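Visitor: Build me a model:
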Amino acid sequence: MSFASEITTALRALVPLIVVRTLEEQRAERTILEGATAADWDCVFWDLAEGTDVSHAMNQRTRFEQVTDERQLLTSIGRLAEEAPNEKLLFVLKDFHPHMLGSSPFNRRKIRNLAQSLSETNQSLLLLVPPEAELPEELADETMSIDLPLPDRDDMKRLISDMLSGNSDWFKVDLNDIKVDLDERSQQSLAEAAIGLSEAQARRALIHAIRTQGARIDASCIEVVRNEKKSVVKESEALEFLEPTVEAQRSVGGLEQLKSWLAERENALTQKARDYGLPAPKGIALVGIPGTGKSLSASMVAAAWGYPLLRLDVGALFGTYVGQSEARARRALDLAESIAPCVLWIDEIEKSLGQGDSDGGTSQRVFATILTWMQEKTAPVFVVATANNVERLPPELLRRGRFDEIFFLDLPTTAEREQIIGVHLIKFKRDPSDFDIQLLASVSEGHVGAELEQSLIDAMHAAFSDGCREVTTADIERAIGQTVPLSRSQRTAVTKLRSWLHEGRARSASFSESAEAARNEVKINFDD
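Guide: Residues are numbered from 1 along each chain as shown. Predicted coordinates for the structure are as follows:
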């Protein structure tokens, strides 16, 4: 249901108090008018600076008092409701939330009384409230909350089309002196680049692109708009827009079962899959030993599927004021949905969501917000959550329904270590055929990918300081021998982590179930 339809439905249901959470006031006002008109209601607007605007209330424009004081406003609304009980009036208050949410019990009591009386006179009161604001508890029973989502793909396509045709109310720029060179495909790409921006942000991004490209609107504007979106996402504090590269896809060695599982679902976020009857995949949890490539795997997914990668910093969600953290979480998740299809990476999720009650329950409420979203989301947002300390993860997070699969990233096998060493040699501009990779894999048992990479770096430092000579297999072997792997220094913790896989609580990212069973049967133990 569209936002305008939700407004229309709320009015026809005679909801006494409607709260709209948004930062897009102009767009909200325009869409509220659309919904109210569809329901045959008049609108009276009010703001703290200009007072009352009755230009949209054709039947009552001479009867509504011009007031700027919030208490007089409530009194005036109540009086008009009594004088015209059968008039369908929607009172839109654009600056009232500080008075409603502040310490004044009078305003809260007055609004509650007013909402109750309006319900009896077929009239409604609507308040525009920023996303961070929470309603007083005593008003919850009288209230219906509606969120104004960011423009979706169809909205953005229409905005771009209106802009190029010169019939845009939101993009009032004279195109006579601007050269337009956009085919249909480029228009589609430009709209896609702007997804995740508000109307105002999209307008600023497009104006910036036009000025940057020398009064031109062409395919080069797409990258400018995309960069603007990265800045906007960064300003949300909790989200970071990352660009996965082909190198990210190639930088993960081993993990063949994980890669195979992902390959089967490469097109699962598309409309073609929806038409086939497949639900959008929810995501995966990657748990296991530090340094085994969990974070790299998130980039690998986005690169392989060709989707944007958003990193959610759960720690940045927590705010100072009551309700602020949950509101930030909702806003970040809404932004991710607006950019969808995309991959949402939640790194080390246990550090932020496993704090218990030590913070007054804030982390638990944020956790509940994210859990509910993961369960109920229908937008094609594929979640990749990584965790090192699985004991801190609440059981409800890892149950089926939140994730499609839970993969365990174990200590790499000999074959996987060969792949990992080869990947890192290429990364550091070396030809793997010049090295005895089999020897290096055999002497590095118990080492994870991050440790193998650091050993190669250490070996290159040694060779560089020794007359800038070329690094050799012997240098790398020596560096590996000098490294104390985590599997040895943290033997107890690693063994405890690995029990997750052997107890069947997760699926191996490296082996099929039959291969894993055979591997356990011969009791291969990397800890020895």
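
Visitor: For residue 253, grab the count of nearby residues.
Guide: The burial count assigned to residue 253 is 21, neighbours taken as other C-beta atoms under 10 Å. Yep, even glycine has a C-beta here, placed from its N, CA and C like the rest.

Visitor: I'd guess it is in a strand, am I close?
Guide: No. Counting by DSSP: H, G, I helix; E, B strand; the rest coil, residue 253 falls outside a strand, being coil.

Visitor: Hmm, residue 39 and residue 12 touching each other?
Guide: Yes. With contact defined as C-beta atoms under 8 Å, residue 12 reaches residue 39; the gap is 5.5 Å.

Visitor: Other residues contacting the strand or helix carrying residue 8?
Guide: Per DSSP states H and E, residue 8 falls inside helix 3-12. Helix 3-12 is contacted from outside by 1, 18, 31-32, 34-36, 38-39, 41, 88, 90, 124, 144, 146, 148-149, using C-beta atoms under 8 Å, 6 or more residues apart in numbering.

Visitor: ok, residue 12 and residue 39, which is more surrounded?
Guide: Shown here are residue 12 and residue 39; by other C-beta under 10 Å, residue 39 has more neighbours (18 against 13).

Visitor: What confidence value was assigned to the more buried one?
Guide: According to the prediction, residue 39 has pLDDT 83.

Visitor: from memory it sits against residue 88, does it?
Guide: Yes. At 7.5 Å, residue 39 and residue 88 qualify as touching, with contact defined as C-beta under 8 Å.

Visitor: Flag the shaky bits of the protein, pLDDT-wise.
Guide: Applying pLDDT under 70 to the chain flags residues 1, 57-65, 99-103, 129-134, 166-175, 245-250, 319-324, 351-360, 512-528.

Visitor: So which residue is smack in the middle of it?
Guide: residue 336 (3.1 Å; C-alpha atoms, centre = their mean).

Visitor: Now do the helices in the stretch 251-400 of the chain.
Guide: Assigned by DSSP state H, counting those that start in this stretch, the stretch 251-400 of the chain shows helices spanning 256-264, 271-276, 294-305, 324-339, 349-353, 362-376.

Visitor: among those, which is nearest residue 23?
Guide: helix 324-339 (8.8 Å; C-beta to C-beta).

Visitor: CA atoms only for that closest one, dumped as PDB, please.
Guide: Extracted in PDB, the C-alpha atoms of helix 324-339 (Å, rounded to 0.1, in the frame of the first residue of the first chain):
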ATOM      1  CA  GLN A 324      16.800   7.400  19.500                       C
ATOM      2  CA  SER A 325      18.700   4.100  19.000                       C
ATOM      3  CA  GLU A 326      15.600   2.200  17.800                       C
ATOM      4  CA  ALA A 327      14.700   5.100  15.500                       C
ATOM      5  CA  ARG A 328      18.200   5.100  14.000                       C
ATOM      6  CA  ALA A 329      18.000   1.300  13.400                       C
ATOM      7  CA  ARG A 330      14.700   1.700  11.600                       C
ATOM      8  CA  ARG A 331      16.000   4.500   9.500                       C
ATOM      9  CA  ALA A 332      19.200   2.500   8.500                       C
ATOM     10  CA  LEU A 333      17.100  -0.500   7.600                       C
ATOM     11  CA  ASP A 334      14.600   1.600   5.600                       C
ATOM     12  CA  LEU A 335      17.600   3.100   3.700                       C
ATOM     13  CA  ALA A 336      18.900  -0.400   3.000                       C
ATOM     14  CA  GLU A 337      15.400  -1.400   1.700                       C
ATOM     15  CA  SER A 338      15.300   1.600  -0.600                       C
ATOM     16  CA  ILE A 339      18.600   0.700  -2.200                       C
END
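
Visitor: neighbouring contacts of it?
Guide: Contact with helix 324-339 is made by 21, 131-134, 147, 149-152, 195-196, 233, 236-239, 308, 310, 312, 316-319, 342, 344, 362, 365-366, 369-370, 373, 377, 379, 381, as judged by C-beta under 8 Å, 6+ apart.

Visitor: Spatially, which residue comes closest to residue 496, not counting chain neighbours?
Guide: Of all residues not flanking residue 496 in the chain, residue 391 sits nearest, at 8.0 Å (C-beta to C-beta, 6 or more residues apart in numbering).
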